[in-house]
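Q: Below are the sequence and a predicted model; questions follow.
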Amino acid sequence: MLAAERHRRIVAEIARLKFVTTDDLTTLLGVSHETVRRDLALLERRGELARVHGGATSPQAPVGEEASFSERSGTLAAEKEAIGRAAAALIEPDQIVVIDVGTTALEVARALPADHAGVIATPSLLVAAEVSTRPRVEVLVSGGRLRPGDLACSNAQAVEFFGNLRADAVFVGSGGIAPYGLTDFHLDEVATKRAMLGNASHRYVLADASKFGRTAAHRVCELSGFDTLITDEPCPAELRTALTRADTTVIVAKTSPTT
């Protein structure tokens with residue numbers, strides 16, 4: 001089969017199924033895995049698909065700018081609180097824990113018990129201020145260039161800080177999560193998130209259901225780059241399949257009926 005015909009069939013299959021595996025394509029086309037990988041790389045460069053762990057999916061145009069902190073704070077509040085409670089329940093006493101920036105990450109900090117003991121490291125001044133009210137918590141702030149609104153720190157100083165910190169767990173926020181991977185709106189903060197994820201024993205991503213299938217401008221990592229997704233609703237089929245293939249687990253938090 002000529003390369004042009006293989007490319008046409010790959011694009012058609014992805015248009016039909018939205019997600020295809022490398023194994024499925026080798027069977028469909030009767031070629032080697034290496035040939036499929038080369039074809040996928042070429043088609044991704046052309047913008048006709050997006051490679052993901054184990055296969056490829058439809059290309060997705062990045063969403064625009066992130067809404068302001070105040071706008072996001074008033075959106076899906078109950079869902080974010082539920083995710084925060086589920087995440088905080090996973091934090092054990094005397095651990096070193098990293099909590100990222102963002103409205104959902106802030107709910108993790110708010111959900112920590114008043115008597116919690118341990119170390120909380122963060123690039124967020126809002127998270128730092130919240131956990132500082134707990135007398136048995138040692139608070140570490142990365143420092144760096146400050147972004148208004150979220151009061152998020154980033155730059156080489158923040159990357160070095162988290163690169164030198166071995167954490168028991170990290171809770172990372174998200175701009176979007178799709179088969180393509182975990183994405184974020186702020187380029188300067190992508191390197192910080194990667195440093196956090198690269199140096200923690202347990203890696204959690206926080207994402208309410210509005211982030212499903214959404215792709216922000218900058219990819220943080222593939223779906224295999226973290227261990228667990230904490231969310232408020234079951235994932236749609238395409239994303240669920242991609243997470244399963246990446247061996248990433250999903251925790252669905254229950255929203256309190258009183259919130």
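A: On my side now, so go ahead.
Q: where's residue 233 relative to residue 210, distance?
A: Residue 233 sits 9 Å away from residue 210 when distances are taken as CB to CB, to the nearest Å. C-beta here means a position set from N, CA and C on the backbone, and glycine is covered the same way.
Q: oh, I was asking about residue 128
A: Using CB to CB, residue 128 is found at 26 Å from residue 210.
Q: cool, and residue 67?
A: Residue 67 sits at a distance of 11 Å from residue 210 (criterion: CB to CB).
Q: next one: residue 167
A: 27 Å.
Q: Quick check on these two: which one has the bigger neighbour count.
A: The residue with more neighbours, out of residue 167 and residue 210 and counting by other CB atoms under 10 Å, is residue 167; that gives 22 against 15.
Q: For residue 67 and residue 210, list the residues in contact with both.
A: Residues within reach of residue 67 and of residue 210 at once, by CB atoms under 8 Å, 6 or more residues apart in numbering, are residue 75.
Q: in the lengthiest helix in the chain, what counts as buried?
A: Longest among the helix segments of the chain by residue count, using DSSP state H, is helix 3-17. Counting neighbours by 16 or more other CB atoms under 10 Å, one finds that the buried residues in helix 3-17 are 6-7, 10-11, 13-14.
Q: After it, which helix or strand is next?
A: As assigned by DSSP states H and E, the chain's next helix or strand after helix 3-17 is strand 19-21.
Q: Can you name the next helix or strand after that next one?
A: helix 22-29.
Q: could I get that following helix in CSV with only the CA atoms?
A: As requested, the backbone C-alpha atoms of helix 22-29 are provided in CSV (Å, rounded to 0.1, in the frame of the first residue of the first chain):
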residue,chain,number,x,y,z
THR,A,22,-1.2,1.9,17.0
ASP,A,23,-2.0,-1.8,17.2
ASP,A,24,-5.3,-1.3,15.4
LEU,A,25,-3.6,0.7,12.6
THR,A,26,-0.9,-2.0,12.0
THR,A,27,-3.7,-4.6,11.6
LEU,A,28,-5.8,-2.3,9.4
LEU,A,29,-2.9,-1.3,7.1
